[in-house]
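*Asks:* Mind folding the following:
(2 chains)
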Amino acid sequence: MHQLYTWVFEPGFFASPQVRVAVTIGGVAAVVSAVTGVFTVLRGQSFGGHALGDVSAAGGSGALLLGLSPVAGFVGLGVIGAGVMDLIGVRRVRGRDLATGIVLGAAIGLTALFLYLGTFSGATAGAPQTILFGSIFVITSGTIPVVVILSVTALATVAAVYRPLLLSTVSPDIAAARGVPVRVVGLLYMLALAVSVGLSSVAVGAILSTALLIGPAAAALRLTSRVSRAIVVACSIGVGATWLGVLLAYDSFYWGSSQQGLPVSFFIVAVIFAAYLASGLAPAARAAAARRELAGPAAAETGPDQIAA
Amino acid sequence: MTQQPQTWAMTPQVLAVDGVSVSLSGRQILDDVSFTVQAGQFTGLIGPNGAGKTTLLRVILGLQRPTRGSVAVLGRPLSRQNRSVGYVPQKVLLDPDMPMRARDLVALGLDGNRFGVPLRSRQRGEAVREMLRAVDADRFADARVGNLSGGEQQRVLIAHALISRPRLLLLDEPLANLDIGSGQEIVALLARIAREQQIAVLLSAHEMNPLLPVMDRVVYMADGRAASGPADEVVRADVLSRLYGQHVDVLHVHGRVLVVAGPADGEPALTAEHGLEAG
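*Replies:* Modelled structure (predicted):
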């Protein structure tokens, strides 16, 4: 038993302060990403979410260059990017791809410049890897309060607009007719999305933030027929994948003889991908269950008592 | 039964559209449209595609500001956030990937405009169940809306619109993608709701025949103009010819009505064929 335990959790896993910070920040980022991700998938704004990741990359690399905290850069520029996308027309279905593409292109250009300058100055040699693909093991514990505050803000925003956001996702016309300020609700959601992408950029890197945003949500939406449950399932998948990824990355240091750990972001994304593939089996199982159900009570319901009602 | 004319006079006016015109980027979409709708009346908003039906509905909903004219619901000028008007739009995002059960969509009609997360309550659940029963949708209350048939989806959307207890129900082409049988069921359902709950129903359609058995009045639209009144007073060659600005014939075939362009046009044969097919 003990052997199995030490095989799963290599020595020092729970004692390592880096692991504790990684588990905390990774878990928090995964929850926020999963919650906003469910709406991102429902609203068909995955491309927008990815573009915000690229904007975050520009922010993070710029912050490093200026000697600021990458978190501030990731989230700060992400929020500005969300505002710009809204101005250009991300709320119009037809304008959406256009707005997203323009912002995404500009962001990647800036990232290229900042990373070049940063690497050139020599102060931040590992910057490209850190910004683009994450650095969850090198985050200082001082970052945790900022991350938690931002997470709570993003989650509170989504909770506040939950119903009108859902209604305007189903039909902007119905929502507007019912007096929902559709545009304001959409913008608030985009801002929450920008914060969540910024946070997952800290955890798995700006490029891979899309995986944490879309993957758990997409898998959850295949598994349940209710938005509220999809959010819970997405959170579980996201947090589970993040923690498992952290564990595997830590253990990978002891694999083979090279004494070289593999990147944590790779493991997180790999677990999410596996979860998504596995969720594909659900619709078939559900269809089988539905067939059984239809053959049973539904057939009986069309009897004479139906007419009496 | 002899009391009917008297109750008619007593029924409140639910909707008054008065001289409404709309121009969008220089194009005249609606041109001086006026009509009224009384409580419990079933009104068909009939006209070909592009006649301005959807724009008119959007004006009534307060989603489109009229260039001229005014709209009053229950005697009050239009304001957004009007709970007295229920709406079933033509396009609703209900693909099979949408994780929403029929009962969730109906519940969203109850409080989807309010901020915050929904709290489950017995009262809320009971209201939803009652509404689903009223539109004969309780059988598929727990099915994903995206997996339902077109007719079943319409029932759920009607329940979604009715649960906030509106006095006026607007439906934009609800029969457009339905087979004939489902279309007839939806029309019968709406007629029953209008009668029993004294809700005024205004339904747009490009085909008036499915509505003829239940329609109290018709608002016939062509090129942004409208003529309104009882069907037999509006759907006449002279009235519609004036509306279309060209000669049209109104043919009565086995209790159905066909509106066909004058002899110079190639269209009549097609329309007539379609009408016979429906029988």
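
*Asks:* and the closest residue to B:Arg256 other than its chain neighbours, how many residues sit next to it?
*Replies:* Residue nearest to B:Arg256 in three dimensions, not counting chain neighbours: B:Asn209, with 4.8 Å by C-beta to C-beta, 6 or more residues apart in numbering or on different chains. For every residue, glycine as well, the C-beta is placed using N, CA and C. Using other C-beta atoms under 10 Å in any protein chain shown, B:Asn209 has 17 neighbouring residues.

*Asks:* shouldn't B:Asn209 be in contact with B:Val253?
*Replies:* No - shown here, B:Asn209 and B:Val253 do not form a contact pair, counting by C-beta atoms under 8 Å, at 9.7 Å.

*Asks:* Mind telling me what element the most centrally placed residue in chain B is part of?
*Replies:* Computing the C-alpha centroid of chain B and ranking residues by C-alpha atoms, centre = their mean puts B:Leu203 first, at 1.6 Å. Element membership of B:Leu203 [criterion: DSSP states H and E] is strand B:200-205.

*Asks:* Touching, B:Leu189 and B:Ile158? I think so.
*Replies:* Yes - using C-beta under 8 Å, B:Leu189 is in contact with B:Ile158, at 7.1 Å.

*Asks:* Comparing these two, which shows the higher neighbour count?
*Replies:* It is B:Ile158, of B:Leu189 and B:Ile158, that has more neighbours when counted by other C-beta under 10 Å, with 26 against 18.

*Asks:* And the pLDDT for that one?
*Replies:* pLDDT for B:Ile158: 93.

*Asks:* And for the one 5 residues further on?
*Replies:* Reading off the confidence values, B:Ile163 has pLDDT 92.

*Asks:* how close does it get to B:Val156?
*Replies:* B:Ile163 sits 11 Å away from B:Val156, taking C-beta to C-beta, to the nearest Å as the criterion.

*Asks:* same deal with A:Ala270?
*Replies:* Spatial separation of A:Ala270 from B:Val156 under the definition C-beta to C-beta is 40 Å.

*Asks:* more crowded one of the two?
*Replies:* For A:Ala270 versus B:Val156, the count of surrounding residues by other C-beta under 10 Å is larger for B:Val156: 29 against 15.

*Asks:* Number of residues surrounding the nearest residue to B:Lys53 once chain neighbours are set aside?
*Replies:* Spatial nearest neighbour of B:Lys53, excluding adjacent residues (C-beta to C-beta, 6+ apart): B:Ser204 at 4.2 Å. For B:Ser204, the tally of surrounding residues (other C-beta under 10 Å) stands at 24.

*Asks:* Up against chain B, what does the stretch 51-200 of chain A have?
*Replies:* Taking C-beta under 8 Å from any C-beta of the partner chain as the test, the list of the stretch 51-200 of chain A residues beside chain B reads A:159-164, A:166-167, A:169-171, A:173-180.

*Asks:* which is the next helix or strand following the helix or strand A:Ala99 falls within?
*Replies:* When elements are assigned from DSSP H and E, A:Ala99 belongs to helix A:93-121. Tracing the chain past helix A:93-121, the next element assigned as helix or strand by DSSP H and E is helix A:127-133.

*Asks:* Next, the buried residues of whichever helix or strand comes after that following helix.
*Replies:* Per DSSP H and E, helix A:127-133 leads on to helix A:143-170 as the next helix or strand towards the C-terminus. Residues of helix A:143-170 classed as buried: A:143, A:146-147, A:150-151, A:154-155, A:157-158, A:160-170 (neighbour count, 16 or more other C-beta atoms under 10 Å in any protein chain shown).

*Asks:* same question, stretch B:138-157
*Replies:* Applying a neighbour-count criterion of 16+ other C-beta under 10 Å, the buried positions in stretch B:138-157 are B:138-141, B:143-145, B:147-148, B:151-157.

*Asks:* Keep only those of the residues you listed that are in strands.
*Replies:* Among these, the subset assigned to strands under DSSP state E is empty.
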